[in-house]
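Enquirer: after the sequence you'll find the predicted model.
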Amino acid sequence: MDRNNYPIIVVGASIAAISFIRTLRVNNDKRKILLIHGEDRLPYKRTKINKNMVRGFDKDDFKIADREWYKDNDVDLIYDRVINIDSAEKVVSTQRGLVCSYEKLMLATGAVSVIPKIAGIATENLHSVQNASDVDRVLETCKNKDRFLIIGGGVEGVETADQLVRKGKAVILANRMKYPLQKLFPISLLKVLEQRMIDKGVKLFQGVSVAAIHEHNGHYAVNLQGQELEFDEVIACTGAVPNIELGIKAGLKVERGIIVNAFMQTSDADILAAGDVAQHERGIVTGLWHAAEHQGKLAALTLLDKPEGHTLPPFRLKTEVFGLYMFSGAYEFVIPGVDEEVEEVDGDIRRIMYYSDNALKAVVFLNDGPRAKTYQQALFEHWSKEKVQDELPLPPKMTFSFG
Ligand SMILES: Cc1cc2nc3c(=O)[nH]c(=O)nc-3n(C[C@H](O)[C@H](O)[C@H](O)COP(=O)(O)OP(=O)(O)OC[C@H]3O[C@@H](n4cnc5c(N)ncnc54)[C@H](O)[C@@H]3O)c2cc1C
């Protein structure tokens, strides 16, 4: 058996991991790194995979960095899965039989999709869109199947529905909540989305749980709100949870995620964790690309003895579906501590700004995409109502460019 010693081992090779390595190298840290990637292609931008099903993609289309980048930065990138961590011996073991010791370990194992158990269908026959290879499989299926049941009305479910409709597929979407994207937007905006989905032919079922599917004559069927519906394939977009398996094996303190402090330190002094796998103060798991990137950087700064604490900046998400540009910023703050809500409509643009003591606490809007960065800044800096009216007026000021 092979035994190697590495000053730094990183498990999971997505944005938290790459941002961690990039920050170390930018700061001139030359320690050799072993990067263990549990997938079948160069580390890639996960956010792209379910938004590009219409166009399709080749294996390395969404790579974060070229193959040479790893070599140039003295990173040994291997395609394998870590199956155990012995934190007392400071050793990781992989599926392919590699055993390596580390001085410092970074866990960036992200999230895993939650695949529901549904009577009448084997779990392996349910599709998901968590990894690029999952989307490859859906696209392969699309070559000869035309009718899809999507379970889940969150961002992944709605984006996947949008792509499949644009590919000319028939889509049934079964959502447990009353509206799609209900955790991110208020009802007045979601009614616009709901109507768009219906207009584009999505058979939308709200407030339903898919408990059983039956198979007959080579296709599947489900009964939803008294209707018998046929389809060929099922895609489960039923959420993801922090991938804490290795954290548990390493004996780290875990709850929903691996518990980290503001500096991305776990309960083991030699193990850091960042990105979707990490659980922060107040039980927060971020689940967003830029948040994972930021945390990777913070973990590196901790290792470099230049610690910077995480302040959990307001979370925002944008998605372009069914011809709408949708932006949700810090909407989870709306329930506690907001005392004023300003709703405005101008043509296709609809927005609601939420204030507390005249400081902007949350923003949601439709169709004001060109000004998304300004909204983001307004949210980060908690602009007053007057400043919002000056800098983000509705209707937007006309801008002209000459030359
Ligand atoms: C389809 C989809 C669309 C998304 N769209 C958006 C979006 O529009 N905007 C946004 O902000 N966020 C989006 N997200 C969320 C975003 O992609 C994540 O927040 C981000 O990728 C988290 O990065 P991470 O580095 O923590 O880990 P992940 O990207 O989850 O990657 C973790 C990696 O670790 C690997 N790994 C796990 N266990 C092991 C092991 N034992 N050994 C080796 N490797 C292992 C996994 O295989 C995986 O490659 C989307 C997510 C999905 C699935």
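Expert: All right, it came through fine. Residues are numbered from 1 along each chain as shown.

Enquirer: contacts and neighbour counts: CA atoms only from here.
Expert: OK.

Enquirer: who touches Val202 in this structure?
Expert: Ala161, Val165, Ala170, Val171, Ile172, Leu173 (Cα atoms under 8 Å, 6 or more residues apart in numbering).

Enquirer: how about the residues you listed in a markdown table, adding secondary structure, neighbour count and pLDDT?
Expert: Below are the contacts of Val202 laid out as a markdown table (DSSP: H, G, I helix; E, B strand; the rest coil; neighbours: other Cα atoms under 10 Å; pLDDT from 0 to 100):
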| residue | secondary structure | neighbour count | pLDDT |
| --- | --- | --- | --- |
| Ala161 | helix | 27 | 98 |
| Val165 | helix | 19 | 98 |
| Ala170 | strand | 20 | 98 |
| Val171 | strand | 24 | 98 |
| Ile172 | strand | 21 | 98 |
| Leu173 | strand | 24 | 98 |
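
Enquirer: tell me which two in those residues are the farthest apart.
Expert: Val165 and Leu173 (11.3 Å; Cα to Cα).

Enquirer: care to break the chain down by domain?
Expert: Here the domain parsing of the chain from automatic domain parsing is 3-112+241-303, 115-236, 330-391.

Enquirer: interface residues of the stretch 251-400 of the chain facing the ligand?
Expert: Counting by Cα under 6 Å from any ligand atom, the stretch 251-400 of the chain comes close to the ligand at Gly275, Asp276, Val277, Gly287, Leu288, Trp289, His290, Ala292.

Enquirer: now do the same contact list for the closest residue to the first one other than its chain neighbours.
Expert: The shortest distance from Gly275 to any residue that is not its chain neighbour, by Cα to Cα, 6 or more residues apart in numbering, is 3.8 Å, and that residue is Ala292. With contacts taken as Cα under 8 Å, 6+ apart, Ala292 has the following neighbours: Ile15, Ala16, Ala274, Gly275, Asp276, Thr286.

Enquirer: so what touches the strand or helix carrying Leu379?
Expert: For Leu379, the host element (DSSP states H and E) is helix 372-380. With contact meaning Cα under 8 Å, 6+ apart, helix 372-380 is reached by Pro313, Pro314, Arg316, Phe327, Gly329, Leu360, Lys361, Ala362, Val363, Val388, Leu392.

Enquirer: ok, the third one - contacts?
Expert: With Cα under 8 Å, 6+ apart as the criterion, the residues that contact Arg316 are Phe327, Ser328, Gly329, Ala330, Gln376.

Enquirer: can you redo these as a markdown table with secondary structure, neighbour count and pLDDT?
Expert: Output for the contacts of Arg316, formatted as a markdown table (three-state DSSP; neighbours: other Cα under 10 Å; pLDDT from 0 to 100):
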| residue | secondary structure | neighbour count | pLDDT |
| --- | --- | --- | --- |
| Phe327 | strand | 24 | 97 |
| Ser328 | strand | 23 | 96 |
| Gly329 | strand | 23 | 93 |
| Ala330 | coil | 20 | 89 |
| Gln376 | helix | 20 | 94 |
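
Enquirer: max-length helix in this structure?
Expert: Ranked by residue count under DSSP state H, the longest helix found in the chain is helix 289-303.

Enquirer: tell me the angle of the helix or strand just after it relative to helix 372-380?
Expert: Per DSSP H and E, helix 289-303 leads on to strand 316-321 as the next helix or strand towards the C-terminus. Using axes from the mean of the first three to the mean of the last three Cα atoms, to 10 degrees, the interaxial angle of strand 316-321 with respect to helix 372-380 works out to 150 degrees.

Enquirer: contact residues of the stretch 101-250 of the chain facing the ligand?
Expert: So the stretch 101-250 of the chain meets the ligand at Ala108, Thr109, Gly110, Ala111, Val129, Gln130, Glu156 (Cα under 6 Å from any ligand atom).

Enquirer: kindly export the longest helix of the chain (C-alpha atoms) in CSV.
Expert: Written as CSV, here are the backbone C-alpha positions of helix 289-303 (Å, rounded to 0.1, in the frame of the first residue of the first chain):
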residue,chain,number,x,y,z
TRP,A,289,-21.5,29.4,-4.5
HIS,A,290,-20.0,32.8,-3.5
ALA,A,291,-20.4,31.9,0.2
ALA,A,292,-18.4,28.7,-0.3
GLU,A,293,-15.7,30.7,-2.2
HIS,A,294,-15.5,33.2,0.6
GLN,A,295,-15.2,30.6,3.3
GLY,A,296,-12.4,28.8,1.3
LYS,A,297,-10.5,32.0,1.4
LEU,A,298,-11.1,32.5,5.1
ALA,A,299,-9.9,28.9,5.9
ALA,A,300,-6.7,29.6,4.0
LEU,A,301,-6.1,32.9,5.9
THR,A,302,-6.5,31.0,9.1
LEU,A,303,-3.8,28.5,8.0
